[in-house]
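A.B. asks: What follows is a predicted protein model with its sequence.
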Amino acid sequence: MERAIENGKLTIGSKLSICGAQLSGDSQPRSPLSTSSKDTYLSITTNASRIASWDTKLGYQRHRLVFRSLSTIYENGGLVTALDVIVCRKYPLMYTETLPGSKKKIKRTAREEEDVRKRMETEIHQSMIDEEQSGWAPRFHEHEDRIVSAHFKMQLCDYHSPSLSRKNIQQKMASLLLLNANELNHMDIHEGSRYRIFFTMPYTLLDKSNNNKATSILYLKTTHKTRWENVSHVDEEKLKSTLYIPRFITTTGSLDTLEKGSEIDIAVLVLHVHTQEGRTLWYQTLLVVDPSGGLCQVKLKSPHRPVNGLEGQVIGLTNVIYEAHDPKYTIHHLRANDHSEIFIKQKIPSYMQQAILHVRQWIQK
């Protein structure tokens, strides 16, 4: 907004289309000309406002929500009223536990959170058995209430491409953090689907060491006002012009063409597993291969327990990061993170299921 004023685009007499304005200060409405109104003002944000044409009628507008493309959102521009987007990637549900009596937080995957819950149930059950055997009447046992919240991330792109009159505007990706989520929220969102999302907030990523500057990703998060609207109508031709690319399997023999930091899905045979216990984490290094013949080393880490029974298995890995190529040993290095998933026997997406079947047929031959 300040930049628009400095550049002369916003001057006295300009008209603004405003959405999501909030009354700050005294909550009682007052005349703007009143002397007692100095501490009362209307708070607006750049992302929820736009300059209107000179002949726009003042007052309430027919289209009250301001839809913005991701490329026109300012990181420090405040609340974004409405987005019309395609979900490009949906990442696994994560859990954060705040320990009682401290500000320490522990982040867990869904598998790790399930392990904690099962362990607590087992402890309660065993405690009740011990009391019965000691002759005491069993009591109602309850662990101190855990403070656990769930969240997950998605990658978004605009459904509507920038117009031809704005050729200098490039399409942009955004990462959306969904706070206070649950399993139903996660299940209801599908990659490749179109959604209208209302009232999100940009934020600054504290650690941008893994951010690919070429993509210039925008970071958004939900607020207590955020709501969703699934849009069933999706024009297939328009979808092809967006940044959305359906998931596909990357073969290990084609990794030479990738840039460092690329996120890929693979289906591979695990040749060898090396497991090492650290001070706070378990580290596993997998040596894997697929029918294309490329050897890869995949690094996994887990805070509670390693993944057992991987050696000799055909597995699927999603959202793993390509790190480097070692020309001396002709091997590619991949790294799993919190967004990565391992598919062995659980419910597997169809594209991954076909790739795993292809690897198994290759082994039999």
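C.D. replies: Happy to help now that I have it.
A.B. asks: what ranges do the strands span in the stretch 1-150 of the chain?
C.D. replies: Under the criterion DSSP state E, counting those that start in this stretch, the stretch 1-150 of the chain contains strands at 15-18, 22-24, 41-43, 49-52, 80-90, 94-98, 105-109, 147-158.
A.B. asks: what's the closest non-adjacent residue to Asp26?
C.D. replies: Thr40 (4.4 Å; C-beta to C-beta, 6 or more residues apart in numbering). Yep, even glycine has a C-beta here, placed from its N, CA and C like the rest.
A.B. asks: and the residue nearest to Val231 when sequence neighbours are not counted, what does it touch?
C.D. replies: In this structure, Val231 finds its nearest non-sequential neighbour in Arg194, 4.3 Å apart by C-beta to C-beta, 6+ apart. Going by C-beta atoms under 8 Å, 6 or more residues apart in numbering, Arg194 touches 84-86, 159, 230-234.
A.B. asks: any idea of the pLDDT on Arg194?
C.D. replies: Looking at Arg194, its pLDDT is 97.
A.B. asks: Show me the beta-bridge partners of it.
C.D. replies: In this entry, Arg194 is beta-bridged to Ile86, Val231, by DSSP bridges.
A.B. asks: How many neighbouring residues does the closest residue to Ile106 other than its chain neighbours have?
C.D. replies: Nearest non-adjacent residue to Ile106, counting by C-beta to C-beta, 6+ apart: Glu97, 4.8 Å away. Counted with other C-beta atoms under 10 Å, residues neighbouring Glu97 total 16.
A.B. asks: my read: Glu97 touches Lys105, true?
C.D. replies: Yes - between Glu97 and Lys105 there is a contact at 6.8 Å, judged by C-beta atoms under 8 Å.
A.B. asks: do you know how far Ile5 is from Ile12?
C.D. replies: 10 Å (C-beta to C-beta, to the nearest Å).
A.B. asks: Those two - which one has more neighbours?
C.D. replies: More crowded of Ile5 and Ile12, by other C-beta under 10 Å: Ile5, with 11 against 4.
A.B. asks: if I look at Gln284, how far off is Glu123?
C.D. replies: 27 Å.
A.B. asks: Also Pro306?
C.D. replies: Distance of Pro306 to Glu123, computed by C-beta to C-beta: 22 Å.
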